[in-house]
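Visitor: Compute the structure for the input listed below.
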Amino acid sequence: MAEALGANFIQLGLVITLPMLANSMMQAFVWGRLSDRIRRRRLLIVIGETFAGVGYLIIWTNITVWTIIIGLTIIEAVWSMSNTGWSALFADLTSSTERSTLMGRINSIGVGGRIFGAALMGFIYDFPVPAAGFH
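Guide: Got it, this is the predicted structure:
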């Protein structure tokens with residue numbers, strides 16, 4: 001990505017740092033409070049997921065380093081609404097014993113997906129399939 005976009009190390013650092021910082025800050029200071037106030041967990045999930053899906057489509061139509069940095073930061077800030085909604089919904093619908101088991105299972109699935117996804121992308125990068133559009 002860096003070579004294709006002409007990004008420098010600072011810009012790469014911003015791509016990695018700003019979206020996660022926005023995600024954490026918004027969950028802690030905005031979405032958690034809003035979720036407790038309005039108690040509409042499913043609405044937060046739907047809005048967050050929809051915004052992220054549409055946002056990604058918009059970002060990748062105009063690929064520049066700054067579009068990616070700013071776009072991903074905004075997407076993560078709003079998408080974190082969904083994380084808060086899911087966590088609150090689980091807390092509302094389960095007992096503390098069930099919740100810990102459920103969250104452990106969901107976290108394991110997420111970790112497995114990250115590992116598998118990274119390995120798959122590494123494989124595709126090392127062994128490109130031109131017919132599939134990877135080159």
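
Visitor: Which residue ranges of the chain form helices?
Guide: 2-5, 9-26, 32-38, 41-59, 65-93, 96-126 (DSSP state H).

Visitor: and those helices as CSV, adding mean pLDDT?
Guide: Converted to CSV, the helices of the chain look like this (pLDDT from 0 to 100):
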stretch, mean pLDDT
helix 2-5, 72
helix 9-26, 92
helix 32-38, 93
helix 41-59, 94
helix 65-93, 92
helix 96-126, 87
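
Visitor: For the ones you listed, could you give me a markdown table that also reports mean neighbour count?
Guide: Placement of C-beta: from N, CA and C, glycine included. Listed next are the helices of the chain as a markdown table, based on neighbours: other CB atoms under 10 Å:
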| stretch | mean neighbour count |
| --- | --- |
| helix 2-5 | 10 |
| helix 9-26 | 15 |
| helix 32-38 | 13 |
| helix 41-59 | 15 |
| helix 65-93 | 19 |
| helix 96-126 | 10 |
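
Visitor: so how far is stretch 11-18 from its chain's centroid?
Guide: 14 Å (CA atoms, centre = their mean, to the nearest Å).

Visitor: For Gly110, give its distance to Val15.
Guide: Going from Gly110 to Val15 by CB to CB, to the nearest Å gives 21 Å.

Visitor: same thing with Ala118?
Guide: From Ala118 to Val15 the distance is 16 Å (CB to CB).

Visitor: swap in Ile38?
Guide: Distance from Ile38 to Val15, by CB to CB: 32 Å.

Visitor: what are the phi and psi values for Thr94?
Guide: phi -130, psi 160 (degrees, to the nearest 10).

Visitor: Do I have it right that it meets Ala88?
Guide: No: using CB atoms under 8 Å, Thr94 makes no contact with Ala88, being 11.3 Å away.

Visitor: List the residues that are in contact with both of these two.
Guide: Common neighbours of Thr94 and Ala88, using CB atoms under 8 Å, 6 or more residues apart in numbering, do not exist here.

Visitor: Now for Met25: which residues touch it?
Guide: Here Met25 is in contact with Ala77 (CB under 8 Å, 6+ apart).
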